[in-house]
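Colleague: The sequence and its predicted three-dimensional model are supplied below.
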Amino acid sequence: MSDDEFTPRPGKPGAGDGRHLVKYGGRVLAAARLAGSKSGVRARRFDGSRIGRGASIARLLSSRDRFGGSRARRAIVKARLVRMAGTGLPAARAHLRYIQRDGVTREGAAGELYGRDVDTADGKAFLDRCTEDRHQFRFIVSAEDGAEYPDLKPYIRRLMAQAEHDLGTRLDWVAVDHFNTDQPHTHIMLRGVDDRGENLVIAREYIAHGLRERAAGLATLDLGPRTDREIESRLRHDVGQERLTAIDRRLLRRMDADRVTGPAHNDPFQQAVATGRLRKLGAMGLAEDLGGGRWQLAQGLEETLRRMGERGDIIRLMQRELTARRLDRAHADRVIESDLPATLIGRVIRRGFSDEHRDRHYLIVDGIDGRVHYLDIGRASATDPTPEGAIVRVAPRTAEMREADRTIAAVAKAHGGRYSVELHLEHDPDASRPFAEAHVRRLEAMRRASVVEREANGSWIISGDHVDRATAYESRQLRDRPAAIETLSSMPLDRLPVAEAATWLDRVLAGDEPVVARDAGFGREVRVALATRRQWLVEQGLADTEGEGGARLRRGVLVALQRRELLRAAGTLREELGKAFVEAGPGQKVEGRLTRRVALASGRYGLVERSREFTLVPWRPVLDRHLGKPVGGIMRADGISWQLGRSRSGPQVS
């Protein structure tokens, strides 16, 4: 047969079962795995990270300068994909307001929204374009030495232009530059559609690596590559750090299957740096010297160092805030990171972002136990505002199943998967209407999270797995709001001892809120304030001396002080509004437009206005969503029963 002739001679059908092919294929795969393990290259399992636009360029970019010799500037890119279905659009609107809030520019002004071609973008128009989008991308871009840029807009526009080239489509985005932290950064909102209106699918690998490498490359072009001195100075600094460093990542990449690594490097300086870092890890109990320049790294090294770095950042933050306020908390055991094992009462020192991208907030509280606590309080939108100087009670929340969910499931099971107040009362004749309405409020909260559905007639569609859905809902709520925060006094402590109002100090003296204050730190300040308030009440004839240094409040003092402050505030509002004040008593109906929230020492109130008169009613957090809207309710001795969003099922909030 000549070289250019080939005649196939297939066998009979079924003559072979293909086992030789399977055996040969298996040998090829085994050899490939063996070759990969010998060469130090790990076999990568399919994880979907390369599906979508930008996967190829991301692989190319992430392979550059992986082993520490890069002179490129560094950049951090945080990315988040947000689904727009359900509450996505309102959440996007809230996020847009957040990134444009006051105090984020160099001058402390509101954020300036800009886009590809305009310095002042129309946020409403952008959201209108997002109405039908399936998803949206949100990025935070922070370049090393970004403070050297006089204006970040050209840098971000070039970055997004490069992303368009990499992804092969025009992108629709808006951005805001923030200079309110140590590291300037930019928030970018990107629509999840391409230039043809189709869903924009970006490979996870490009989001994780490609965009970051592009940002670093542009910063290097703008600011110049790092010098030898800069690189060596950074590496020397990293040797002794108790956090995850670039040296650690290099050591982790070089370790074998038994987690054994070494400082082997052709460059003497790099060898010395790696050796010094391994010795530091050994002293921390995170590496073991096996001899001969070989070290075994501890399991979970990366996560341990990451947590240590976060804790170090927290302690430095707390010490900086205490120093700025000239608070003497000298003992280290009084400056702690707290997982909130029990209820805590204290003064708010600082509230800020622990993770700006995911809207996670922290609270620093100067506790009456004499310690300063750092608390993760979850998403900003899940908690009420807590101004500095306010006295708060913080308690841990748990994701426990509520009895109301079991009751709702039982009523719905007996009535074909439907629930309403009437069906509840029919199912349980002993239940009261207010008790059943409380279950409706629970369902209303779950409806806003798309867990249940409400029909036009006010009844509810309850699925057969309602209890499981409620459990999952509580778990999500716990992540968003791990702590319950109650404001005990919006007025600072130093103003409470002589305030003509029913204050938190009065409730403590009356025994309504027993506290144990340690004779140290804020606890000592509370003790002094209680003694001063006790003396003031006696002088005003509102309390009687009792025992040595004690006092007993007279009957009705708290109500009298609360009404005294309320009438004084009403007088001020009467002059401002030019309307008559009507004091609402138990059983009276309250109707009008809820125009504002009024903070008093006795508590918070809502201002409800009518055409010629107004009234002040106790505030509830749920009223935040009804500011500027008509409201109605009936006053009770213990509060007010609101009728917000009337339906056949009755009042929605009480």
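Modeller: Everything's here; your move.

Colleague: what's the neighbour count on residue 587?
Modeller: 9 (other C-beta atoms under 10 Å). Glycine gets a C-beta too; all of them are placed from N, C-alpha and C.

Colleague: I figured it hits residue 633, correct?
Modeller: No. Contact criterion C-beta atoms under 8 Å: residue 587 and residue 633 do not qualify, at 11.6 Å.

Colleague: How much space separates residue 81 from residue 473?
Modeller: Residue 81 sits at a distance of 22 Å from residue 473 (criterion: C-beta to C-beta, to the nearest Å).

Colleague: Tell me which of these two has more neighbours.
Modeller: Taking neighbours as other C-beta under 10 Å, residue 81 and residue 473 compare with residue 473 leading, 18 against 13.

Colleague: can you pull the contacts of the more buried one?
Modeller: The contact partners of residue 473, by C-beta atoms under 8 Å, 6 or more residues apart in numbering, come to 446, 449, 451.

Colleague: So it, which state does it fall into?
Modeller: The local conformation at residue 473, judged by DSSP: H, G, I helix; E, B strand; the rest coil, is helix.

Colleague: sorry, back to before: from the contacts of residue 473, which ones fall inside strands?
Modeller: Applying DSSP state E to these, no entry is found in strands.

Colleague: how's this protein carved up into domains?
Modeller: Following automatic domain parsing, one finds the domains of the chain at 55-223, 228-299, 304-397, 403-480, 491-554, 559-642.

Colleague: Tabulate those in a markdown table, adding columns for mean pLDDT.
Modeller: Formatted as a markdown table, the domains of the chain follow (pLDDT from 0 to 100):
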| stretch | mean pLDDT |
| --- | --- |
| domain 55-223 | 88 |
| domain 228-299 | 89 |
| domain 304-397 | 80 |
| domain 403-480 | 89 |
| domain 491-554 | 89 |
| domain 559-642 | 87 |
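
Colleague: in the stretch 151-300 of the chain, which spans are helices?
Modeller: Using DSSP state H, counting those that start in this stretch, the helices found in the stretch 151-300 of the chain span residues 153-167, 204-205, 211-223, 228-239, 246-254, 268-283.

Colleague: For the last one, what is the distance to the chain centroid?
Modeller: The chain centroid and the centroid of helix 268-283 are separated by 37 Å under C-alpha atoms, centre = their mean, to the nearest Å.

Colleague: List the buried residues for stretch 82-98?
Modeller: Of all the residues in stretch 82-98, those buried under the rule 16 or more other C-beta atoms under 10 Å are 84, 88, 89, 91, 92, 95, 96, 98.

Colleague: and if you look at stretch 258-265?
Modeller: Quick answer for stretch 258-265 (16+ other C-beta under 10 Å): 261, 262, 263, 265.

Colleague: ok, residue 207 - how many residues close by?
Modeller: Neighbours around residue 207, by other C-beta under 10 Å: 21.

Colleague: give the contact list for the nearest residue to it once chain neighbours are set aside.
Modeller: Using C-beta to C-beta, 6 or more residues apart in numbering and skipping residues adjacent in sequence, the residue nearest residue 207 is residue 79, 4.6 Å away. Residues near residue 79 by C-beta under 8 Å, 6+ apart: 137, 138, 139, 207, 208, 211.

Colleague: ok, and the most crowded of those residues?
Modeller: Neighbour count (other C-beta under 10 Å) singles out residue 211 as the most crowded of those, with 27 neighbours.

Colleague: ok so, going back, can you check what angle separates the helix or strand harbouring the residue nearest to residue 207 from helix 211-223?
Modeller: Element membership of residue 79 [criterion: DSSP states H and E] is strand 75-83. On the basis of axes from the mean of the first three to the mean of the last three C-alpha atoms, to 10 degrees, strand 75-83 is oriented at 140 degrees to helix 211-223.

Colleague: hey, C-alpha coordinates of strand 75-83 in CSV?
Modeller: Written as CSV, here are the backbone C-alpha positions of strand 75-83 (Å, rounded to 0.1, in the frame of the first residue of the first chain):
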residue,chain,number,x,y,z
ALA,A,75,-4.8,46.2,42.8
ILE,A,76,-7.8,44.7,44.6
VAL,A,77,-11.0,44.0,42.8
LYS,A,78,-14.0,42.7,44.8
ALA,A,79,-16.9,41.4,42.7
ARG,A,80,-20.5,40.5,43.5
LEU,A,81,-23.3,39.2,41.2
VAL,A,82,-26.8,40.4,42.3
ARG,A,83,-30.0,38.8,41.0
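
Colleague: How much space separates the residue nearest the centre of the chain from residue 398?
Modeller: The centroid of the chain falls nearest to residue 360 when counting by C-alpha atoms, centre = their mean (2.0 Å). Residue 360 is 19 Å from residue 398, where distance means C-beta to C-beta.
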